[in-house]
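Novice: model this:
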Amino acid sequence: MLSLPVLDDEAYYWTWSRHLQWGYLDHPPAVALLVASATGPLGDAPWAMRAPSFLLAAATAWVVYRLTRELYGAEAAARSQRLFHSIPLFVAGGFLVSPDAPFTFLWALSAWAAWRALHGQQRAWWLLGVCVGLGLQSKYSMAFLLPALAALVAGDRTARGRPEPYGAAALAFLVFLPNLLWNAQNGWSAFRFVWERGAWVQAAPAANLLLSLGGVLLYLSPVLGVLVLVAPWRNTGPADRFLRALALPTLLAALAAAVLGKFKPHYIAPVALLGVPALAAWEGPRAARWTSVASAVGALQSAAVTVLAVATLWDPAILADQRGWDRVAAEVVRRAPAGAVVVTTTYQNAGQLSYALRERYPVAVLPGPHTFDQWSPLRAYVGRPALIVYDAASPPGQPYDRWCDRPAPLAELVYPSSERPLRTFVFVRCPALSPPPR
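Specialist: Residues are numbered from 1 along each chain as shown. Next up is the predicted model:
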C-alpha cells in the first residue's frame, strides 16, 4: 500500500497540515495534526504521510484484542485478531491518510474504557472522556457514541450516582472546545457543510439503500460483513447488550444516510468494529466453519487490494486518475509568470497541485465548498497574474473570462505520453485575475 501514488484526499489533508487550524470545512483537525507530526521529522514522501495510519491501525487491533478479552475471554480475543485483519476496510485504512484512522482507534479505545468504567474501574472514566473528546476532534460522527454512553450511565444505578461520569463528560467537552470555538468564529461552517451536503447518489430511497448495502459488503467483504453486523444482535448477555448499545445510534444514522443517498461505505466502520468481538465469541463447529470461510474470503480480498497497490509501481494505468501531478508541477514552474497564483477547478486538483509543488506557489480554487477558501481565497489574488491548471476531466463550469482578464490557452500536457494518453492537463495563462463572480 505504501507504493500507492498520493491520492487526491491524501494530498488535500497534506495541504491542511501546512495550514494548521482548529477546524476545516470537511473535518476536525486531527488528520492534519497527524500528517504534520509525521512529515515534519520524516519528510513529505507518501510513506511518511501514511505512517500514523499504520501505527494507529496496529494500535486499534491491540485495543480490539483487549476489549474482546474483557468481554468474552482469551480464546475469543485471539480469534478477534484474525477477523480484524481480514476486513478489507480495516486493512486498507492502515495504509491511507484519512480522518478514519484516528477516529477508529479512538472509537475502539472509548468502547474499552466505557466497559471498564461501567465495571468499577473509576479511572477509566477519565480515559473515556479524553478519548471521546479526541474522537470528536477526529470526526464529528463520534457524537453518535454520546447517546449510547448516556443511556448506559442512566441505566446503571452505581454509575449515575458517582461524579466520575459527569467529570468525564466535562473533560470530553473541554477537549473538543477548541473546535467548537473555531466553528463559532467561522459561522458554524463545518457543521453546516456536513448537514447541508448533497446526496452522493440520486436514486430512489430503496435503490439508495441497496447501493449502500452493496458498498458495505464490498468494504467489509461479503460474508464477513454480514457476520460482523449481525453478531452483536445474536445473544442477550451483558457484553452483547453493551456492544448493541454502542452500535445502535451509528447504525440508525447510517441507515438514514443510506436512504437519503448521503452514505459512504466506510461510515459503517464503528459498527463493524464493535461486531468483531461479538463474532469472535461465537462458538461451535458451525460458527467455526462460517468464520473461517468469512476470514479466508476477506483475507483474499485484502490481498488482492494489496497486490493491486504494488502493481501501481509498474502500470501507470492503475489509478491513472491520481497520477501525473509531478509532471504538471514541473510545467507550472516552467510556465508560471513571476508572482503568479495557480488556479484550479476542484479541491482534489488543488490538493494534488499543492503537494506536487510543495506550496512553492499559492494555489486557489474556483468558488465552491472547499477548505482552500480558509487560507487561499480566490478574491485575495484579484489583479495578480495566474496560471490556470486543471484536469480536462474536471473543466470549469464558466468561461475563463468570468474571472480572468485576457485568458491565453497554452499547450496541453498529456500523461504519460501522446502514444499512451491516460490524462490530459489544461494550462491557461491569465495576465490578471478579475473579481470572482458572485
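Novice: and Pro102, how far is that from Ala108?
Specialist: According to C-beta to C-beta, to the nearest Å, Pro102 stands 11 Å off from Ala108. Bear in mind the C-beta positions are built from the backbone N, C-alpha and C, glycine included.
Novice: Those two: which is more packed in?
Specialist: Shown here are Pro102 and Ala108; by other C-beta atoms under 10 Å, Ala108 has more neighbours (27 against 24).
Novice: Check what pLDDT the more buried one gets.
Specialist: In this prediction, Ala108 carries a pLDDT score of 98.
Novice: and the gap between the closest residue to it other than its chain neighbours and Ala245?
Specialist: Closest residue to Ala108 apart from its sequence neighbours, by C-beta to C-beta, 6 or more residues apart in numbering: Val63 at 4.3 Å. The gap separating Val63 from Ala245 is 18 Å, by C-beta to C-beta.
Novice: Was I right to think His27 contacts Ala190?
Specialist: Yes - proximity of His27 to Ala190 meets the contact threshold set by C-beta atoms under 8 Å, at 7.5 Å.
Novice: more crowded one of those two?
Specialist: For the pair His27 and Ala190, the greater number of neighbours falls to His27 (24 against 20), based on other C-beta under 10 Å.
Novice: Counting neighbours, what do you get for the closest residue to the more buried one other than its chain neighbours?
Specialist: Leaving out its chain neighbours, the residue that sits closest to His27 by C-beta to C-beta, 6+ apart is Pro99, at 4.8 Å. The local packing of Pro99 (other C-beta under 10 Å) involves 23 other residues.
Novice: Next, the contact list for Pro99, please.
Specialist: 13, 27-28, 30-31, 138-139 (C-beta atoms under 8 Å, 6 or more residues apart in numbering).
Novice: Next secondary structure element downstream of whichever strand or helix holds Gly135?
Specialist: According to DSSP states H and E, Gly135 maps onto helix 124-136. The first helix or strand that comes after helix 124-136 along the chain, using DSSP H and E, is helix 145-154.
Novice: hang on, the earlier thing: next one: the residue nearest to Ala108 from Leu109, what distance?
Specialist: 5 Å.
Novice: Could you check which of those two is surrounded by more residues?
Specialist: Between Val63 and Leu109, counted using other C-beta under 10 Å, Leu109 has the larger neighbour count: 24 against 20.
Novice: And the more buried one, how far from Pro178?
Specialist: Using C-beta to C-beta, one gets 20 Å for the distance from Leu109 to Pro178.
Novice: which SS state does the closest residue in space to Pro316 that isn't next to it in sequence fall under?
Specialist: Nearest residue to Pro316, sequence neighbours excluded (C-beta to C-beta, 6+ apart): Pro416, at 5.2 Å. Classification of Pro416 by DSSP: H, G, I helix; E, B strand; the rest coil places it in strand.
Novice: again with the one 5 residues further on
Specialist: Of the three states, Pro421 takes strand under three-state DSSP.
Novice: Quick check: the closest residue to it other than its chain neighbours vs Tyr355, distance?
Specialist: Leaving aside its chain neighbours, Pro421 sits nearest to Val414 (4.8 Å; criterion: C-beta to C-beta, 6+ apart). According to C-beta to C-beta, Val414 and Tyr355 sit 21 Å apart.
Novice: With Pro416 instead?
Specialist: Distance of Pro416 to Tyr355, computed by C-beta to C-beta: 19 Å.
Novice: Then Leu229?
Specialist: Applying C-beta to C-beta, the value for Leu229 to Tyr355 is 36 Å.
Novice: do Pro46 as well
Specialist: Taken as C-beta to C-beta, the span from Pro46 to Tyr355 is 10 Å.
Novice: Between these two, point out the one with more neighbours.
Specialist: A count of neighbours by other C-beta under 10 Å puts Tyr355 above the other of Pro46 and Tyr355, at 25 against 21.
Novice: list the contacts for that one?
Specialist: Tyr355 neighbours (C-beta under 8 Å, 6+ apart): 6, 11, 14-15, 44, 325.
Novice: Can you tell me the closest non-neighbouring residue to Leu171?
Specialist: Excluding its sequence neighbours, the residue lying closest to Leu171 (C-beta to C-beta, 6+ apart) is Gly129, at 3.3 Å.
Novice: and the one you found, how far is that from Ala336?
Specialist: Distance, Gly129 to Ala336, using C-beta to C-beta: 49 Å.
Novice: Next: Ala204.
Specialist: 47 Å.
Novice: Between the two, which is the more surrounded one?
Specialist: Neighbours per residue (other C-beta under 10 Å) separate Ala204 from Ala336, with Ala336 holding more: 20 against 10.
Novice: my read: that one touches Leu387, true?
Specialist: Yes - Ala336 is in contact with Leu387 according to C-beta under 8 Å; the separation is 4.5 Å.
Novice: Now the common contact residues for the two.
Specialist: 342, 361.
Novice: now what about stretch 161-181, what contacts it?
Specialist: 22-23, 28-29, 117, 122, 125-126, 128-130, 132-134, 136-137, 153, 159, 190.
Novice: Just the buried ones out of those residues, please.
Specialist: Buried members of those, counted by 16 or more other C-beta atoms under 10 Å: 22-23, 28-29, 117, 125, 128-130, 132-134, 136-137, 153, 159, 190.
Novice: quick revisit: the residue nearest to Pro421 bridge partners, please.
Specialist: On the basis of DSSP bridges, Val414 is bridged to Thr424.
Novice: For this structure, which residues score under the pLDDT cut-off?
Specialist: Low-confidence segments of the chain (pLDDT under 70): 1-3, 368-369, 436-438.
Novice: Let me see the ranges of the strands in it.
Specialist: 341-344, 363-365, 386-391, 404-405, 408-409, 413-417, 420-430, 432-433 (DSSP state E).
Novice: Among those, which comes closest to Leu209?
Specialist: Nearest to Leu209 among those is strand 386-391 (32.4 Å), distances taken as C-beta to C-beta.
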